[in-house]
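In: task: produce atomic coordinates for the following.
(2 chains)
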Amino acid sequence: MSEEKKEIEFETALKKLETIVENLENGELSLEGALKQYEEGVRMASLCSKRLTEAERRVEVLMKTSGGKLKAAPFESGTEESGKTKKKK
Amino acid sequence: MAKLKYFLETESISELPSKKILSVTDLTHNIRTLLEENFSTVWVEGEISNFKFYSSGHMYFSLKDENSQIGCVMFRRENISLDFEPKDGLQVIAFGRVSVYAIRGQYQFYVERLEPKGVGALQLRFQALKEKLKNEGLFDESRKRAIPFLPRKIVLLTSLDGAALRDILNILGRRHANAHLLIYSVPVQGAQAAPTIAEAIEDLNLHNVADVMILARGGGSLEDLWAFNEEVVARAIFQSHIPIISAIGHETDFTIADFVADLRAPTPSAAAELVLPLLEDLLARVLELEGRAFQAISGFLENLREEWRRLAESRVLRDPLSAFEARFQRLDELVKNLEIIFQHELGSKREKNGILMGKLEALGPLATLKRGFSVSLKYPDMTVISSARSVKPGDKVKTKLQDGFFVSQVTERESGDQSEESA
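Out: The predicted structure follows:
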């Protein structure tokens, strides 16, 4: 379940953060409520930033095996800068 | 004259060599047999005109070209499986037989199969399928899945050799994407394309490989893009639970897949831009929100502090008798008024007194004392003793003189009015 919490969607976190900021700016919260909201906002913000700055770039090719499973292999066919023009359709 | 001519003509017909006379029905029957034997399986090409679709379910129309036309009928049992709507002006290829409609003495083409011709045919199939799927609700915006805002895993369904793949990789690379891109190769044209694509969509769903799928193909003719107009592909997209972005051909190309897809990108490059927002933009947004949250909470706390200070200083909190606040306030006002009046009075009185004091100076006790008199005050309330009756033996008395005072005790008293004393 903590796994699930970690996997909170970026968009959800961003939306939550937006709502929190609105709530705080409206200023109609109790002290305790405001502090709680702020704390949650900070948590969402750091979640978002972390998600945005983590490096995870990977390109793979999926292939279907004879067993009907899908297998990923590194994508080799050239870099995105040049591509392989000879393969042009 | 007319009569004569009529006579002569009939005369000449009856003198024809064969002399065999047929009934109309026999003749018609002979003609029908002749036609049916020679035209039992015919393909004919022409333009539909005068099309009528009767409530009986049968279709009546003509097929024509520049010089000729032929009446046609297509019965309900045949036309029910048509995958397009015949209409005037359409070029078609019809298959059927030629026969005679005896009651009217007309030869007709009995159409068993009807197909639209050429590119027009593809257009028609496109329109027909589009209409059908639309009515089934496959294009409804309400049923479309949301494209994840920032997907971790993207699966790209396209040809490994195609231009679409290069374009997409190019854009994703430029965007410094932190996403995991999977490429699943499928043929994007040819007879096998549609079923393979449909199966691939199913497989990718089955293994739930990604957060979002891009179905892409570079530009091409209508025929090139045809796989994306096939029903099997449309159904697979509809069934997918992975949200699908379609990116087929150029901006002006619309395929059935585009209509069913959860999001249509005008081009493969555009799809790449749609699927991944610019990270810098997002980061800036997050930082801005974070800043605003901080600003807001700071302001909030400052306000609270201010309020607290105000409350702490107020009489209400300090004074348990706050219920009497209003009365206290009224009292304050009255006191203040009194003070004002008093001050005012005092001012004028002082002025008056200034003058009087001068006079009193001469006549007053100090001057009197200077002249050798004294004044005695009685303890403890220090009242001036102006009458012998106001003291009794034992009372303590303070006597002021011009240069000081002394304290003494009354030992004896005598007044002019004895009766008063004894009473």
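
In: what about the strands in the chain?
Out: In the absence of a named chain, this looks at chain A. In chain A, strands defined by DSSP state E lie at A:58-64, A:70-74, listed in chain order.

In: the chain in question should be chain B.
Out: Under the criterion DSSP E, strands of chain B are mapped to B:42-53, B:59-64, B:69-74, B:91-101, B:106-116, B:153-158, B:180-185, B:212-217, B:244-248, B:263-264, B:375-378, B:383-384, B:396-401, B:404-409.

In: tell me which of these lies nearest to A:Phe75.
Out: With Cβ to Cβ as the measure, strand B:180-185 is the member of the strands of chain B nearest A:Phe75 (6.1 Å). Where C-beta positions appear, they are placed from N, C-alpha and C, glycine not excepted.

In: each with direction, which strands does the closest one pair with?
Out: Using DSSP bridges, the strands paired with strand B:180-185 are strand A:58-64 (parallel), strand B:153-158 (parallel).

In: ranked by average pLDDT, which of the ones you listed falls at the bottom?
Out: With a mean of 88, strand A:58-64 has the lowest mean pLDDT of these.

In: tell me who's in contact with the nearest residue to B:Phe126 once chain neighbours are set aside.
Out: Here the nearest residue to B:Phe126 in space, its sequence neighbours aside, is B:Asn229; by Cβ to Cβ, 6 or more residues apart in numbering or on different chains that works out to 5.3 Å. If a contact means Cβ atoms under 8 Å, 6 or more residues apart in numbering or on different chains, then B:Asn229 has B:Leu122, B:Arg125, B:Phe126, B:Leu129, B:Thr255, B:Ile256, B:Ala257 as its contacts.

In: what would the strands of chain B look like in a markdown table with mean neighbour count?
Out: What follows is those, written out as a markdown table (neighbours: other Cβ atoms under 10 Å in any protein chain shown):
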| stretch | mean neighbour count |
| --- | --- |
| strand B:42-53 | 15 |
| strand B:59-64 | 20 |
| strand B:69-74 | 19 |
| strand B:91-101 | 18 |
| strand B:106-116 | 18 |
| strand B:153-158 | 25 |
| strand B:180-185 | 22 |
| strand B:212-217 | 28 |
| strand B:244-248 | 28 |
| strand B:263-264 | 19 |
| strand B:375-378 | 17 |
| strand B:383-384 | 12 |
| strand B:396-401 | 14 |
| strand B:404-409 | 10 |
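
In: mean pLDDT lowest where, among the ones you listed?
Out: With a mean of 78, strand B:383-384 has the lowest mean pLDDT of the strands of chain B.

In: related to what we said a few turns ago, in a markdown table: the strands of chain B, plus distance to B:Leu27.
Out: Compiled in a markdown table, the strands of chain B are given as follows (distance: least, Cβ to Cβ, whole Å):
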| stretch | distance to B:Leu27 |
| --- | --- |
| strand B:42-53 | 23 |
| strand B:59-64 | 24 |
| strand B:69-74 | 19 |
| strand B:91-101 | 10 |
| strand B:106-116 | 13 |
| strand B:153-158 | 66 |
| strand B:180-185 | 68 |
| strand B:212-217 | 61 |
| strand B:244-248 | 60 |
| strand B:263-264 | 63 |
| strand B:375-378 | 167 |
| strand B:383-384 | 164 |
| strand B:396-401 | 169 |
| strand B:404-409 | 171 |
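
In: any idea what the residue nearest to B:Ser390 when sequence neighbours are not counted is bridged to?
Out: For B:Ser390, ignoring the flanking residues on the chain, the nearest one in space by Cβ to Cβ, 6+ apart is B:Lys378 at 6.5 Å. The bridge-partner assignment for B:Lys378, based on DSSP bridges, gives B:Thr383, B:Val397.

In: do I have it right that B:Lys378 meets B:Thr399?
Out: No - with contacts defined as Cβ atoms under 8 Å, B:Lys378 does not count as touching B:Thr399, sitting 10.4 Å away.

In: for the residue nearest to B:Leu114 when sequence neighbours are not counted, what are its contacts?
Out: If the residues on either side of it in the chain are set aside, B:Leu114 comes closest to B:Ala94, at 5.2 Å by Cβ to Cβ, 6+ apart. Remark: with contacts taken as Cβ under 8 Å, 6+ apart, B:Ala94 is in contact with B:Trp43, B:Val44, B:Glu45, B:Gly46, B:Leu63, B:Cys72, B:Phe109, B:Val111, B:Arg113, B:Leu114, B:Glu115.

In: excluding chain neighbours, what is closest to the residue in the stretch 101-250 of chain B that chain A sits nearest to?
Out: Of the residues in the stretch 101-250 of chain B, the one nearest chain A is B:Phe149, at a distance of 3.4 Å by Cβ to the nearest Cβ. Counting by Cβ to Cβ, 6+ apart, B:Phe149 lies nearest to A:Glu11, which is 3.4 Å off, once chain neighbours are set aside.

In: shouldn't that neighbour be in contact with B:Leu150?
Out: Yes - look at A:Glu11 against B:Leu150 with Cβ under 8 Å: they come within range, at 6.5 Å.

In: no further queries at this time; thank you.
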